[in-house]
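A.B. asks: I would like the atomic coordinates for the input below:
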Amino acid sequence: MKRYRKLLLGACVALAGLTSQTLAAKVFVSNEKGNTITVIESDTWEQIAEFPGGNRPRGIGVSPDGKELYVCASDDDTIRVFDTETYEELWTLPSGPDPELFTIHPSGELLYVANEDDNIVTVVNTGSRTIIAEIPVGVEPEGMAISPDAGFVINTSETTNMAHFISTADYKIKHNILVDQRPRYAVYTADGSKLFVSSEIGGTVSVIDPNAEGGPVLTDKISFAVSGVQPEWLQPVGMQVTSDNKWLFVALGPANRVAVIDVDTLEVVDYILVGQRVWQMAFTPGEEFLITTNGNSNDVTVIDVASQKAVKSIQVGQQPWGVAVIQQ
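C.D. replies: Have a look, this model is predicted:
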């Protein structure tokens, strides 16, 4: 009975925190098969809206000022831009064929878009709504990241199994780093000292020193093992790093787990059970919570970052893929 009371008290505390610490967040989820965007408010963790997102919406993000929502409508070969308050479509941006993921320059003036079908990264000016560069990369580009100093954009090419370092000054590839099979995502630590690249089929996360003398070098690889889960199900995809550079969270796809990694030691310290086929993730503004999209269970999971526990599941649309969060 005492143990039951303790568990109940812990759950109540977690739920109280769930509503008190995220009063100003709005969560946008792209539903790949439903062709919609689901909107969730963090004060109640309830769905407040759903609107059309184009055909096969995947990569999703917001402008630095939080006013515009960018959605990769992959089967429309365009990026749709929505007002984050009214959810009205404002205009579209040219993206190249089959846009999947993008990263945003800190100024908000440029989008760097991975075009999976055409093996290019497209650079789009958000003000003039024009393409200003097309950069040939490896086969099936997907993951996109930008260095904290905005000097380099990173693209991961799924079939070439490489991370390409593209200079933002002249749009030339300066370095190529070979990683494991089917690299999906890339993310920097906030201090720029490490770059992580997830390899879905390889089952690893590559650790790259981007500042090494002579150019970036692969320094380590992180692997995963979960009791009762077949190794081939451990497929790293989306990742997020806390801004204090302490914790790396890695979505493990059909393993239905999020791995928690100590950034200093590169050790996996825990696995958090979430929904089915966890794919992408995003923090709430203060990083109190991490939201995961779970494609096969059609829900998102809310993870308490401090306790590293899943505290809530919320149903969304059909096959949620990407997630973006703004401060209200």
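A.B. asks: other SSEs contacting the helix or strand hosting Thr38?
C.D. replies: In this structure, Thr38 sits in strand 36-41 according to DSSP states H and E. Counting contacts by 3 or more CB pairs under 8 Å, 6 or more residues apart in numbering; DSSP states H and E, strand 36-41 is packed against strand 25-31, strand 46-52, strand 57-62. The way it works is simple: take the backbone N, C-alpha and C, and place the C-beta from them, glycine included.
A.B. asks: parallel or antiparallel, which strands does the last one pair with?
C.D. replies: The one in question is strand 57-62. Partners of strand 57-62 in the sheet, by DSSP bridges, are strand 68-73 (antiparallel).
A.B. asks: contacts made by the strand it pairs with with the rest, please.
C.D. replies: The set of residues external to strand 68-73 that reach it, using CB atoms under 8 Å, 6 or more residues apart in numbering, is 28, 30, 37, 53-63, 79-84, 90, 93, 95, 99-102, 104, 111, 113, 126, 322, 324.
A.B. asks: the inter-axis angle of the strand holding Thr38 versus strand 57-62?
C.D. replies: Orientation of strand 36-41 against strand 57-62 (axes from the mean of the first three to the mean of the last three CA atoms, to 10 degrees) gives an angle of 40 degrees.
A.B. asks: just how off-centre is strand 36-41 within its chain?
C.D. replies: Computed by CA atoms, centre = their mean, to the nearest Å, the chain-centroid distance of strand 36-41 equals 16 Å.
A.B. asks: can I get it in PDB, CA atoms only?
C.D. replies: Only the C-alpha atoms of strand 36-41 are listed here, as PDB (Å, rounded to 0.1, in the frame of the first residue of the first chain):
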ATOM      1  CA  THR A  36      -2.900  17.000 -42.100                       C
ATOM      2  CA  ILE A  37      -1.200  19.100 -39.300                       C
ATOM      3  CA  THR A  38      -2.400  18.500 -35.800                       C
ATOM      4  CA  VAL A  39      -2.100  21.300 -33.200                       C
ATOM      5  CA  ILE A  40      -1.700  20.600 -29.500                       C
ATOM      6  CA  GLU A  41      -1.600  23.100 -26.600                       C
END
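A.B. asks: can you list the residues that contact it?
C.D. replies: Identification of contacts with strand 36-41 by CB under 8 Å, 6+ apart yields 25-31, 46-53, 57, 60, 69, 71, 82, 87, 300, 314, 316-318, 320.
A.B. asks: quick check on those: which are buried?
C.D. replies: Neighbour-count burial (16 or more other CB atoms under 10 Å) is assigned, among the contacts of strand 36-41, to 25-31, 47, 50, 52-53, 57, 60, 69, 71, 82, 87, 300, 314, 316-317, 320.
A.B. asks: residues contacting the closest residue to Val39 other than its chain neighbours?
C.D. replies: Closest residue in space to Val39, ignoring its immediate chain neighbours: Ala49 at 4.0 Å, by CB to CB, 6 or more residues apart in numbering. Shown in contact with Ala49 (CB under 8 Å, 6+ apart): Thr38, Val39, Tyr87.
A.B. asks: so where's the chain uncertain?
C.D. replies: Low-confidence segments of the chain, defined by pLDDT under 70: 1-23.
A.B. asks: ok, Leu90 touching Lys67?
C.D. replies: No - using CB atoms under 8 Å, Leu90 makes no contact with Lys67, being 9.5 Å away.
A.B. asks: which neighbours do those two have in common?
C.D. replies: Common contact partners of Leu90 and Lys67 (CB under 8 Å, 6+ apart): Asp83.
A.B. asks: His105 contacts Ile146, doesn't it?
C.D. replies: Yes - counting by CB under 8 Å, His105 does reach Ile146; the two are 6.7 Å apart.
A.B. asks: neighbour count for these two, which is higher?
C.D. replies: Ile146 (21 against 17; other CB atoms under 10 Å).
A.B. asks: could you find the closest non-adjacent residue to the more buried one?
C.D. replies: The shortest distance from Ile146 to any non-neighbouring residue, by CB to CB, 6+ apart, is to Thr103 (4.7 Å).
A.B. asks: do I have it right that Gly127 meets Glu109?
C.D. replies: Yes - Gly127 is within contact range of Glu109, at 6.1 Å (criterion: CB under 8 Å).
A.B. asks: so which of the two has more stuff around it?
C.D. replies: Per other CB under 10 Å, whichever of Gly127 and Glu109 has more neighbours is Glu109, with 14 against 9.
A.B. asks: check contacts around the more buried one.
C.D. replies: Asn125, Thr126, Gly127.
A.B. asks: now for the first one: which residues touch it?
C.D. replies: Read that as Asn125. Contacts for Asn125 (CB under 8 Å, 6+ apart) come out as Glu109, Leu110, Ile131, Ile132.
A.B. asks: repeat the analysis, applying 7 Å as the threshold.
C.D. replies: Neighbour list for Asn125: Glu109, Leu110, Ile132 [criterion: CB atoms under 7 Å, 6 or more residues apart in numbering].
A.B. asks: host element of the last one?
C.D. replies: For Ile132, the enclosing helix or strand under DSSP H and E is strand 130-136.
A.B. asks: quick one: list the elements packing against that strand.
C.D. replies: Secondary-structure packing of strand 130-136 (3 or more CB pairs under 7 Å, 6 or more residues apart in numbering; DSSP states H and E): strand 120-125.
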